[in-house]
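Undergrad: could you work out the structure for the sequence below:
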Amino acid sequence: MPTSSSRLAGQYALVTGASSGIGSAVAVALAAHGAAVVVNYAHDEDGANAVVKEITDAGGTAFAVQADVSDEADLQDMFRQAIERFGTLHIVVANSGIQVDAPFLEMTLEQWQKVINVNLTGQFLTLREAAREFVRRGPQPEVSKATGKIICMSSVHEVIPWAGHVNYAATKGGILQLMKSTAQELAPHKIRINSIGPGAIKTPINHDAWSTPEAEAKLLELIPYKRVGVPEDIGNLAAWLVSDEADYITGQTIFMDGGMTLYPGFEAGG
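TA: Numbers count the residues shown, from 1 in each chain. Model (predicted):
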């Protein structure tokens, strides 16, 4: 659990896909800074309950809600439960994401659509419901300078092509414009929307890329800073990005990648 503070005291947050990996670290970090947190999960109830326990054992407030973010009715019910419990939300982190990899020539429509449904449509639905609640409630300047704060979890692959993962990369490129366009449209409501673009982070989704010394050494060739990230890196950034300290930031992707987007293959001049 990160060091506690009151940076987000009195605020209510919802994090999708928070039963493991980056999502769980974000939920824990938000709670450590004073927010009460809804921990969403799609399938891993035990993982979500473990995150809730970590938060509550440290003196925080959290509860878990199951929902498939790609299902409109399911997602709307999750927001209903959150608002019934907390009264409103101030922070929403659209983190849910999956990979279903295949060579492009072999990729099926089902593989394409499944990733689009969760990674892109799921973010659209999450952002829309969050924004509707923020506008309904209106400003609470005694709680937060912004009426509401949204983080889209993107990836370095919103700008770096990724052969063999075309469906995943396409969703992350889509998130870039989803984030920027909604940030532009909703800024007059004092709603801030930004993205975090993780690079290589030690999570279950990419376990094979870092789980052995040989694999990690190969991965480090792509990272100028020569360290593979951990979920807590992203959680700490998220907690700052939704705080009043970052109030003048909207419509931006912050890459947290150890320099992966610096294209280290060109460090010797190409």
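
Undergrad: contacting residues for the residue nearest to G199 when sequence neighbours are not counted?
TA: Leaving aside its chain neighbours, G199 sits nearest to D257 (2.6 Å; criterion: Cβ to Cβ, 6 or more residues apart in numbering). C-beta here means a position set from N, CA and C on the backbone, and glycine is covered the same way. Neighbour list for D257: 156, 197-200, 223, 229 [criterion: Cβ atoms under 8 Å, 6 or more residues apart in numbering].

Undergrad: show the pLDDT at D257.
TA: Per-residue pLDDT puts D257 at 98.

Undergrad: if I look at it, how far off is L237?
TA: With distances taken as Cβ to Cβ, to the nearest Å, D257 is found 11 Å from L237.

Undergrad: just the contacts of D257: which are in strands?
TA: Using DSSP state E, 197-198 are the members of the contacts of D257 that sit in strands.

Undergrad: low-confidence bits of this structure, can you list those?
TA: 1-4, 270 (pLDDT under 70).

Undergrad: what about P204, how many residues nearby?
TA: P204: 9 surrounding residues under other Cβ atoms under 10 Å.

Undergrad: my guess is it contacts I22, does it?
TA: No - assessed by Cβ atoms under 8 Å, P204 is found out of contact with I22, at 10.1 Å.

Undergrad: what's the span of stretch 239-254, first residue to last?
TA: Stretch 239-254 has an end-to-end distance of 13 Å (Cα to Cα, to the nearest Å).

Undergrad: just stretch 143-161 next, same as before
TA: Stretch 143-161 has an end-to-end distance of 40 Å (criterion: Cα to Cα).

Undergrad: please point out which parts of that stretch sit buried.
TA: For stretch 143-161, burial by neighbour count (16 or more other Cβ atoms under 10 Å) applies to 143-160.

Undergrad: count of residues packed around S211?
TA: With other Cβ under 10 Å as criterion, S211 counts 11.

Undergrad: ok, now how distant is it from P224?
TA: For S211 relative to P224 (Cβ to Cβ), the value is 22 Å.

Undergrad: with L89 instead?
TA: For L89, the distance to P224 equals 37 Å [Cβ to Cβ].

Undergrad: neighbours of I91, how many?
TA: A total of 29 residues lie near I91 under the criterion other Cβ under 10 Å.

Undergrad: now do the helices in the chain.
TA: For the chain, the helices defined by DSSP state H occupy 21-32, 45-57, 72-86, 109-115, 122-137, 166-186, 213-220, 231-241.

Undergrad: could you dump these into a markdown table and include distance to R192?
TA: What follows is the helices of the chain, written out as a markdown table (distance: least, Cβ to Cβ, whole Å):
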| stretch | distance to R192 |
| --- | --- |
| helix 21-32 | 15 |
| helix 45-57 | 24 |
| helix 72-86 | 19 |
| helix 109-115 | 27 |
| helix 122-137 | 10 |
| helix 166-186 | 7 |
| helix 213-220 | 33 |
| helix 231-241 | 9 |
